[in-house]
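S.K.: my questions concern the predicted model and sequence given below.
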Amino acid sequence: MNKNVFNLELLIRPNVLKMKPYSSARDEFKDFDQEMIFLDANENPFETAVNRYPDPQQRKLKSILSQQKNIPTNQILLGNGSDEVLDLIFRAFCEPAKDNIITLPPTYGMYSVLANLNDIENREVLLDSDFQPDLDEISETMDSRTKLLFICSPNNPTGNLISSEKITKLLNNSKGLVVIDEAYIDFVSNESWLKRLKEFPNLIITQTLSKAYGMAGIRLGICYASAEIIAVLNKIKPPYNINKLTQQKAIEQLQDITRSIVDIALLNEEKNALSKALVEVCFIQNIYPSDSNFILIKVDNAEKRYLQLLEKGIVVRNRSSQPLCENTLRITIGTAWENEKLINIIKTLK
Ligand SMILES: *Cc1c(COP(=O)(O)O)cnc(C)c1O
């Protein structure tokens with residue numbers, strides 16, 4: 001994309017463009033160094049460790065992420081899971097009943113849920129047989145009301161990275177914003193688009209602490225984009241969307257990054273071992289290569305195998321309803337013990 005012609009204002013919903021940011025009580029006095037007496041937010045003054053509202057701008061948490069990812073804090077927005085971040089992106093840019101988005105199935109189901117919720121047309125352009133985007137078809141589908149293109153890389157449920165040449169072309173040719181969902185990016189090294197954020201004013205990257213970082217329970221999603229895009233999202237986010245316990249836990253865990261590095265190495269080893277073991281199972285017809293912490297397999301009869309595993313106490317995900325995913329199961333990599341149990345059981349199924 002020619003940076004000179006990119007005009008973010010033309011993509012923002014008119015009502016959002018006009019809005020002034022809501023300023024919460026806690027926003028207004030954040031720069032005071034002195035110990036203040038806070039009688040402004042109708043909180044209960046007696047200490048419970050959570051009697052005060054959380055920092056609406058999550059400054060400490062953002063400064064840690066900023067250092068670790070080498071991205072300025074004004075290019076970071078945090079959400080109650082990346083699901084909230086994705087919803088904010090819809091609400092900032094897509095005018096209900098007028099605008100459209102493009103998604104590339106088989107992919108993460110939340111994009112279409114949010115499109116429905118926000119009354120936005122979802123134009124689906126199927127991935128090709130290698131689970132890569134069809135550039136010609138996408139460019140034919142795009143029009144002046146296409147506000148967002150969602151690329152999930154590594155993709156859920158297929159597990160593969162999307163080709164960076166293809167993503168570069170899509171970024172250069174899209175009229176709207178391109179959202180790269182990197183929920184699984186920590187399972188591959190050096191593939192994140194964060195290092196190229198500066199090059200593309202229309203790029204939004206989402207990540208999460210729910211997968212590799214092992215914190216699905218605290219609900220923390222992260223959005224990286226230009227300072228201008230982040231300012232728009234900041235304007236419409238609920239003021240206290242990240243609660244205090246989540247901020248504290250994330251700060252504590254992010255300071256110990258060796259833990260997730262060890263987890264990732266272990267899970268990748270387990271994934272390779274599981275893929276090898278599954279090759280020997282006769283009803284498994286295909287084991288798709290995976291750049292994430294799950295494996296998609298094609299079986300003879302997904303519903304039957306799903307129910308057999310359930311019967312034995314193992315829950316996997318049947319993805320057969322997705323296009324190109326007929327008779328597929330998605331298996332998350334568990335602990336060594338869990339994976340071994342799965343292998344032993346799956347080998348006995350008749
Ligand atoms: C799991 C997942 C997410 C994570 O969502 P959170 O709300 O952050 O837990 C986002 N995108 C994809 C593709 C996922 O699979």
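M.R.: Good, I have the coordinates.

S.K.: is the ligand within reach of stretch 98-116?
M.R.: Yes: judged by CB under 6 Å from any ligand atom, stretch 98-116 and the ligand are in contact via Y108. (C-beta placed from N, C-alpha, C; glycine too.)

S.K.: to the chain's geometric centre, what's the distance from that stretch?
M.R.: Centroid displacement of stretch 98-116 relative to its chain, using CA atoms, centre = their mean, to the nearest Å, is 13 Å.

S.K.: need the CA coordinates for that stretch. CSV is fine.
M.R.: Provided in CSV are the C-alpha atoms of stretch 98-116 (Å, rounded to 0.1, in the frame of the first residue of the first chain):
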residue,chain,number,x,y,z
LYS,A,98,-23.2,-1.4,5.2
ASP,A,99,-19.6,-2.5,5.5
ASN,A,100,-18.2,-6.0,4.9
ILE,A,101,-15.2,-8.0,6.0
ILE,A,102,-13.3,-10.9,4.4
THR,A,103,-12.5,-14.1,6.2
LEU,A,104,-10.6,-17.1,4.9
PRO,A,105,-12.2,-20.4,6.1
PRO,A,106,-11.5,-22.9,7.4
THR,A,107,-10.5,-20.5,10.2
TYR,A,108,-11.3,-19.3,13.7
GLY,A,109,-15.0,-19.1,14.3
MET,A,110,-15.1,-15.9,16.3
TYR,A,111,-14.7,-13.6,13.2
SER,A,112,-18.0,-14.7,11.8
VAL,A,113,-19.7,-14.7,15.2
LEU,A,114,-18.6,-11.0,15.6
ALA,A,115,-19.6,-10.2,12.1
ASN,A,116,-23.1,-11.5,12.8
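
S.K.: and the pLDDT for the nearest residue to Q285 once chain neighbours are set aside?
M.R.: The shortest distance from Q285 to any non-neighbouring residue, by CB to CB, 6 or more residues apart in numbering, is to K298 (4.7 Å). The model reports K298 with a pLDDT of 98.

S.K.: residues contacting whichever residue of the stretch 1-150 of the chain sits closest to the ligand?
M.R.: Going by CB to the nearest ligand atom, the ligand is nearest to G81 of the stretch 1-150 of the chain, at 2.6 Å. When contacts are counted by CB atoms under 8 Å, 6 or more residues apart in numbering, G81 is found next to T208, S210, R219, L220, G221.

S.K.: 10 Å instead?
M.R.: For G81, the contacting residues are D87, M110, T208, L209, S210, A216, I218, R219, L220, G221, T246, by CB atoms under 10 Å, 6 or more residues apart in numbering.

S.K.: what segments of the stretch 1-150 of the chain are strands?
M.R.: Counting by DSSP state E, counting those that start in this stretch, one finds strands in the stretch 1-150 of the chain at the ranges 76-79, 100-103, 121-124, 146-152.

S.K.: quick one: which of these is nearest V281?
M.R.: Nearest of those to V281, taken as CB to CB: strand 146-152 at 27.6 Å.

S.K.: tell me what the closest one is packed against?
M.R.: Applying 3 or more CB pairs under 10 Å, 6 or more residues apart in numbering; DSSP states H and E, we find strand 146-152 packed against helix 81-93, strand 100-103, helix 110-117, strand 121-124, helix 135-141, helix 164-173, strand 177-181, strand 203-208.

S.K.: mind putting these into CSV with mean pLDDT and distance to C152?
M.R.: Output for the helices and strands packed on strand 146-152, formatted as CSV (pLDDT from 0 to 100; distance: least, CB to CB, whole Å):
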stretch, mean pLDDT, distance to C152
helix 81-93, 98, 11
strand 100-103, 98, 9
helix 110-117, 98, 8
strand 121-124, 98, 13
helix 135-141, 98, 14
helix 164-173, 98, 11
strand 177-181, 98, 4
strand 203-208, 98, 9
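
S.K.: picking that back up, nearest to F6 among the contacts of G81?
M.R.: D87 (23.8 Å).

S.K.: who's in contact with the closest residue in space to that closest one that isn't next to it in sequence?
M.R.: For D87, ignoring the flanking residues on the chain, the nearest one in space by CB to CB, 6+ apart is L114 at 5.5 Å. Counting by CB under 10 Å, 6+ apart, L114 touches 83, 86-91, 94, 101, 120, 122, 148, 150.

S.K.: is there proximity between stretch 196-207 and the ligand?
M.R.: No: residues of stretch 196-207 contacting the ligand under CB under 6 Å from any ligand atom: none, with a closest distance of 6.8 Å.

S.K.: tell me the buried residues in that stretch?
M.R.: With burial defined by 16 or more other CB atoms under 10 Å, the residues of stretch 196-207 counted as buried are L197, F200, P201, N202, L203, I204, I205, T206, Q207.

S.K.: what's the closest residue to A41 other than its chain neighbours in contact with, if anything?
M.R.: Counting by CB to CB, 6+ apart, A25 is the residue found nearest to A41 once chain neighbours are left out, at 3.9 Å. Applying CB under 10 Å, 6+ apart to A25 gives the contacts F38, L39, D40, A41, N42, E43, Y53, P56, P239.

S.K.: got a pLDDT number for the fifth one?
M.R.: The predicted local confidence for N42 comes out at a pLDDT of 95.

S.K.: give me the number of neighbouring residues for it.
M.R.: Neighbour count for N42, taken as other CB atoms under 10 Å: 7.

S.K.: ok, now the second one?
M.R.: Neighbouring residues of L39 were enumerated by other CB under 10 Å; the total is 9.

S.K.: backbone dihedrals for it, please?
M.R.: phi -120, psi 30 (degrees, to the nearest 10).

S.K.: look up how far I284 lies from it.
M.R.: Distance of L39 to I284, computed by CB to CB, to the nearest Å: 65 Å.
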